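Chemist: How does the following fold in three dimensions:
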Amino acid sequence: MVDSARYTDAAWLDVEKKRIFMRSWVPAAGAWKLKKPGDYVVFEELDQSILLVHGPHGVKAFRNHCRHRGSVLLTGSGHVNGIRCPYHGWSYDLDGTLRSIPLPDGVQTDATGLIEVPTSRWAGLHWVNLGSDLTLEDSLGSALHSELLPYQYEDMVPVEERVWELPVNWKAFLENVTDFYHVPFVHEKSIGGMVSEPPDLHSYGDHTRQRLDVASYGWRGKLDAHCSRGGPYSDKQLAALHKYIVFPTVCLNVLPYHFTIMATFPVAPNKTRLWYAFCRRRGGSPIERARAVATWAASRAILYEDVVMLTRYQEGLMRGPRHDQPLHELENATAHLQDAVTRWCSSS
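Modeler: Numbering: from 1, shown residues only. As a prediction, this is how the structure comes out:
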């Protein structure tokens, strides 16, 4: 059972933000945006503003606020040679060191540079930690980390990268991507006819992997082999779609020739920002590139079907009577996510 208030109550969302998101590693940017010194991206979610910048010794993350009066330093993404506050002109090097203060004799300060935020790179993404002593490696666990290594995400580049604001709860979206119970109904005319067997589910602590055989036609093996650079892969990794939920907020859909990132960031109980990036491997044969683009088109169509139904689901919760929602055994990934939410929100 799941209490409907978890999808509609503002006070519950405040608890989730404080006890889950403010103690977690979350993805902040794709590695493809921070390729050379001077490249920067500003991560603005969860009421935070974090500046990621490629400096002389790699990528670092900082609170995106001047040490003088707290003004926001940079917005969006781009390339800079240094960081200069637009308010009073305090400037910083790319490694966050305070470079200069206009009229320095007129101000007393112990500030030595920007406030650093822990950051780490994994699965072709830069992650930030908003308030925990746990390393990203410890958060992931060795089994999850090693299982994803063959896909060599560093070779991936986006076919499409977008941010949408959706009228749904952040958990509802993540639960839906691993909910097999809805597939024959919501996706009856798309992927529903291509999947005959329910997926298996494997847990890595708070994280999960769901493995799903999609379109297992007879000649697929030859196509998989042709499109599967990287590796070495297991037979299942070659042929099956693997969906990883990296708690609390990320779904990674992976095949050897493509990689989809879907990260949800709560705005309100019934509003979520979704960071979506569909990536393919650099280079490759025309067949491999065409297959990745065709998979992207199918992915977008399926995503549209999901969002239409999730919007109806959320509207029903907001307007209807509150009740405990029973879960089907094919919603076992939802139950796992809700158990993790309960544990995190119950601990201080």
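
Chemist: could I have the host helix or strand of Lys60 exported to PDB, CA atoms only?
Modeler: Using DSSP states H and E, Lys60 sits within strand 58-63. These are the backbone C-alpha positions of strand 58-63, laid out as PDB (Å, rounded to 0.1, in the frame of the first residue of the first chain):
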ATOM      1  CA  GLY A  58      39.400  19.000 -14.000                       C
ATOM      2  CA  VAL A  59      35.800  19.700 -13.100                       C
ATOM      3  CA  LYS A  60      34.900  21.200  -9.700                       C
ATOM      4  CA  ALA A  61      31.600  22.300  -8.300                       C
ATOM      5  CA  PHE A  62      30.900  25.400  -6.200                       C
ATOM      6  CA  ARG A  63      28.100  27.300  -4.600                       C
END
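
Chemist: Tell me which other helices or strands that strand touches.
Modeler: Using 3 or more Cβ pairs under 8 Å, 6 or more residues apart in numbering; DSSP states H and E, the elements in contact with strand 58-63 are strand 50-55, strand 116-117, strand 119-122, strand 125-129. The way it works is simple: take the backbone N, C-alpha and C, and place the C-beta from them, glycine included.

Chemist: wait, which of those strands is closest to Thr97?
Modeler: Judged by Cβ to Cβ, the one of the helices and strands packed on strand 58-63 that comes nearest to Thr97 is strand 50-55, at 9.4 Å.

Chemist: ok, the closest one: who's next to it in the sheet?
Modeler: strand 39-43 (antiparallel), strand 58-63 (antiparallel) (DSSP bridges).

Chemist: Which of the ones you listed has the highest mean neighbour count?
Modeler: Per-stretch averages of neighbours, counted by mean count of other Cβ atoms under 10 Å, single out strand 39-43 among these, with a mean of 22.

Chemist: got the angle between that strand and strand 125-129?
Modeler: Orientation of strand 39-43 against strand 125-129 (axes from the mean of the first three to the mean of the last three Cα atoms, to 10 degrees) gives an angle of 50 degrees.

Chemist: Tell me how many other residues crowd Ala5.
Modeler: Using other Cβ atoms under 10 Å, Ala5 has 14 neighbouring residues.

Chemist: Can you tell me the SS state at it?
Modeler: helix (DSSP: H, G, I helix; E, B strand; the rest coil).

Chemist: Ok, Lys236 next?
Modeler: Applying three-state DSSP: Lys236 is helix.

Chemist: so who does it touch?
Modeler: With contacts defined as Cβ atoms under 8 Å, 6 or more residues apart in numbering, the neighbours of Lys236 are Arg211, His242.

Chemist: Let me know the pLDDT of it.
Modeler: pLDDT for Lys236: 88.

Chemist: Next one: it from Arg211, what distance?
Modeler: 6 Å (Cβ to Cβ, to the nearest Å).

Chemist: tell me, what's touching those two both at once?
Modeler: The contact sets of Lys236 and Arg211 overlap at His242 (Cβ under 8 Å, 6+ apart).

Chemist: Looking at the strands paired with strand 50-55, which is nearest to Glu165?
Modeler: Of the strands paired with strand 50-55, the one closest to Glu165 (Cβ to Cβ) turns out to be strand 39-43, at 16.1 Å.

Chemist: and Phe259, which of the strands paired with strand 50-55 is closest to it?
Modeler: Comparison of the strands paired with strand 50-55 against Phe259 by Cβ to Cβ identifies strand 39-43 as nearest, at 18.6 Å.

Chemist: which residue sits farthest out from the middle of this protein?
Modeler: Distance from the C-alpha centroid of the chain, by Cα atoms, centre = their mean, peaks at Asp105 (45.4 Å).
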